[in-house]
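Colleague: Need coordinates for the following:
(2 chains)
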Amino acid sequence: MKEIIKLDNIKRDFHVGDEIVHALRGVTFTIHEGEFVTIMGTSGSGKSTLLNTLGCLDTPTQGEYYLDGVSVRTMGKNARATLRNRKIGFVFQNYNLLPKTTAVENVELPLMYNSSYTAEARRQKAIESLIAVGLGDRLMHKSNQMSGGQMQRVAIARALVNDPAVILADEATGNLDTRTSFEILVLFQKLHAEGRTIIFVTHNPEIAQYSSRNITLRDGYVTADTVNTHILKAEEALSKLPKNED
Amino acid sequence: MNGINLIKIALRALANNKLRGFLTMLGIIIGVASVITMLAIGQGSKRSIQSQISEMGSNMIMIQPGGDMRGGVRQDAASMETLKLEDFQSIIDETRYVSASSPSVNSSGQAIYGANNAPTTIYGISPDYLEIRRYKVEDGEMFSEQDIQTAAKVCVIGKTIVDNLFPDGSSPVGKVIRFKKLPFRIVGVLESKGYNSMGMDQDDLILAPYTTIQKKVLAITHLQGINCSALKEEYTEQAIDEITEILRRNHKLGEMEDDDFTIRSQQELSSMLTSTTDMMTVLLSAVAGISLLVGGIGIMNIMYVSVTERTREIGLRMSIGAKGIDILAQFLIESILISITGGLIGVILGVGAAVLINMVAHFPIYIQPWSVVLSFAVCTITGIFFGWYPAKKAAQLDPIEALRYE
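Modeller: Just a heads-up that it's a prediction; the model follows:
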């Protein structure tokens, strides 16, 4: 299997006043194509810093990071912006959709920063993406006319639209109720089944049961890295939940 | 990222905040509209004065005897006898920048025809005078050089004289009027010129050969003045220099002596009259310019608030691949769009206001194309200038911090 992410002894220090805070103290792991990895850890474990590093928003103080075979550590700001645009799809806890903007326009956004797409190709791709997340009938709905679950689906469609090497989800179910959380998890499992690489950062241990691999962080170290042999099906969990009365 | 996408993004952002966009524009709209209206009014009154002056002959040069001052006493020009016919002849023969010149002697008195009479001034001149003062003979013809040589008692009269002496509407050509007991046969009538900018009736005059007036009316040999016209308005200075040189030589004036004549041009008069309106234009434009500046600061203010308010959006855009320059361009284009749209509305309003003032108050206006181009350019520059700082700030945001911003 192709190596999508390869971390080699990643360290990240922050200078806070006179003190140096070691957020990551040497993290090493490799993620292959088609894996659904949950990264878990309590607050202060270095989880956010790791996510920022994986997302090419931040560069490590030390160590090598290869994304899809490209070394990120020495890249400049603009080169990383282009890399994010081509290789990464972000899904945030609070959706981060543009306000008063239609679903299609929100999903088109990453392609707006890629000049190789024409306006038509962009629109076509965005519609395909929205159909893939089950929002084919809500293309022209504005972000403020949608529910949390729908907004997160739009956000996932936006993460898919550039055919990224990896989807990075940051507490993607954190703001949703249990039922909607499971609906989103069903969607993630479907994407996983289609062969996409997903990294899901969360502090909720329950979610780990639905992924194929689980990495636990603590105080800047990887304390556990286990392959999940009994992947639960989110659909089954969803069907057991009491139906909403509406 | 290409320019069209950036403009689309900026347009969408503006469309999401229509009211705020409009309020931001208001400063620019008022600024541009007032600049254009003020300049239109200023230029309008300046042009109307200039056109009145050019009706009198904008390249006219008047030579009068006597310096402004002699021994501390201001002299009466009419009492001096320093200008001679030879001076006039020298000007005709020797100058290069003078296209026409005419001697001038005049006398005031009562013109009489039958039972009608009117006070007026008779000017003794040569036919060139018509060209210099932009008079035209409407009826009949101008007297000739031969009339001058023979000191013929012929004259050409203005419209006011016609009205006063021939109230019944009969044609005056061929009739004989009396001026200071001397009979003059009317050979022509001048086309009406109306009042000049100083309120003088330009039609209240009688023109006759200067020789006739010199010999038969005034009994003098000197000239009371010489009127010339420069080849073109812009050659007035050179013409004056030439004339000065000739007259000083003719009058045998030493280097230390003052001129014993005075030369005035319409240019002086014109610049005197237009300087007031120029001053007003500058003042009004300055006020209008300040309002444009205030409008610009308004843009900066709103763009700054907008950047802060949209920090999360900026973070998102960066995380999905927007470079710093893309963010900078987006916000810069937004502020330029605001200022250009404001400028466009301002131009329309300003031109509309100027036209309205012209229609309602009958104030002369003139909208100079450059004033429109200039104010438009200024407000675009204002947009770039005042949009730059907030846009730069947006572009320098750290995506991690920006995404977390609450």
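
Colleague: For stretch B:319-326, which outside residues touch it?
Modeller: Outside stretch B:319-326, the residues that touch it by CB atoms under 8 Å, 6 or more residues apart in numbering or on different chains are A:55, A:57, A:77-78, A:81-82, A:84-86, A:90, A:109-110, A:113-114, A:158, A:162, B:1, B:6, B:317-318, B:330, B:395-396, B:399, B:403. Quick note: C-beta positions are derived from backbone N, CA and C, even for glycine.

Colleague: Tell me where the model's unsure across chain A.
Modeller: Residue ranges of chain A with pLDDT under 70: A:244-246.

Colleague: Could you check how far the residue most central in space within it is from A:Thr53?
Modeller: With distances taken as CA atoms, centre = their mean, A:Leu168 lies nearest the centre of chain A, 1.8 Å away. Distance from A:Leu168 to A:Thr53, counting by CB to CB, to the nearest Å: 11 Å.

Colleague: Remind me which helix or strand the nearest residue to A:Thr226 once chain neighbours are set aside belongs to.
Modeller: Closest residue to A:Thr226 apart from its sequence neighbours, by CB to CB, 6 or more residues apart in numbering or on different chains: A:Asn214 at 5.3 Å. Assigned by DSSP states H and E, A:Asn214 belongs to strand A:213-218.

Colleague: which is the next helix or strand following that strand?
Modeller: Using DSSP H and E, the helix or strand that directly follows strand A:213-218 along the chain is strand A:221-227.

Colleague: Any buried residues in that next one, and which?
Modeller: A:Val222 (16 or more other CB atoms under 10 Å in any protein chain shown).

Colleague: What is it packed up against?
Modeller: strand A:19-32, strand A:213-218 (3 or more CB pairs under 8 Å, 6 or more residues apart in numbering or on different chains; DSSP states H and E).

Colleague: Double-check B:Ile157 against B:Ile206; I have them as touching.
Modeller: Yes - in terms of CB atoms under 8 Å, B:Ile157 counts as a neighbour of B:Ile206; the distance is 5.1 Å.

Colleague: more neighbours, these two?
Modeller: Neighbours per residue (other CB atoms under 10 Å in any protein chain shown) separate B:Ile157 from B:Ile206, with B:Ile157 holding more: 32 against 24.

Colleague: For A:Phe90, give me phi and psi.
Modeller: The phi/psi pair for A:Phe90 (degrees, to the nearest 10) reads phi -100, psi 140.

Colleague: who does it bridge with?
Modeller: Beta-bridge partners recorded for A:Phe90 (DSSP bridges): A:Leu168.

Colleague: from what I can see it touches A:Gly55, true?
Modeller: Yes - between A:Phe90 and A:Gly55 there is a contact under CB under 8 Å: 6.4 Å.

Colleague: Show me the contact partners of stretch B:98-106.
Modeller: Residues from elsewhere that reach stretch B:98-106 (CB under 8 Å, 6+ apart): B:59, B:61, B:85, B:88, B:91-92, B:121-129, B:131-132, B:210, B:213-214, B:218, B:220, B:223-231, B:239, B:242-243.

Colleague: Just the buried residues of those residues.
Modeller: B:59, B:61, B:88, B:91-92, B:122-129, B:132, B:210, B:213-214, B:218, B:223-231, B:239, B:242-243.

Colleague: thinking again about what came up before, any common contacting residues for A:Phe90 and A:Gly55?
Modeller: Common contacts of A:Phe90 and A:Gly55 (CB under 8 Å, 6+ apart): A:Arg84, A:Leu168, B:Ser319.

Colleague: mind listing what's buried in the helix or strand harbouring B:Gly343?
Modeller: Assigned by DSSP H and E, B:Gly343 belongs to helix B:324-361. By 16+ other CB under 10 Å, the buried positions in helix B:324-361 come out as B:324, B:326-347, B:349-351, B:353-354, B:357-358.

Colleague: Then stretch B:312-321?
Modeller: B:Arg312, B:Glu313, B:Ile314, B:Gly315, B:Leu316, B:Arg317, B:Met318, B:Ser319, B:Ile320, B:Gly321.

Colleague: Count the neighbours of A:Leu139 for me.
Modeller: A total of 17 residues lie near A:Leu139 under the criterion other CB under 10 Å.

Colleague: what mean pLDDT does the helix holding B:Gly343 have?
Modeller: The pLDDT scores in helix B:324-361 average 90.

Colleague: which helix is the longest one in the chain?
Modeller: Let's take chain A. Longest helix in chain A by number of residues (criterion: DSSP state H): helix A:178-193.

Colleague: that answer is for a different chain, and I need it for chain B
Modeller: Chain B, longest helix under DSSP H: helix B:266-309.

Colleague: and the closest residue to A:Ile20 other than its chain neighbours, what is it in contact with?
Modeller: Spatial nearest neighbour of A:Ile20, excluding adjacent residues (CB to CB, 6+ apart): A:Asp13 at 5.2 Å. Applying CB under 8 Å, 6+ apart, we find A:Asp13 in contact with A:Ile20, A:Val21, A:His22, A:Ala23, A:Thr61.

Colleague: A:Val16 is in contact with the third one, correct?
Modeller: Translated: A:His22. No - here A:His22 does not reach A:Val16: they are 11.1 Å apart, not a contact under CB under 8 Å.

Colleague: Give me the more crowded residue out of the two.
Modeller: Using other CB under 10 Å, the more surrounded residue of A:His22 and A:Val16 is A:His22, with 15 against 8.
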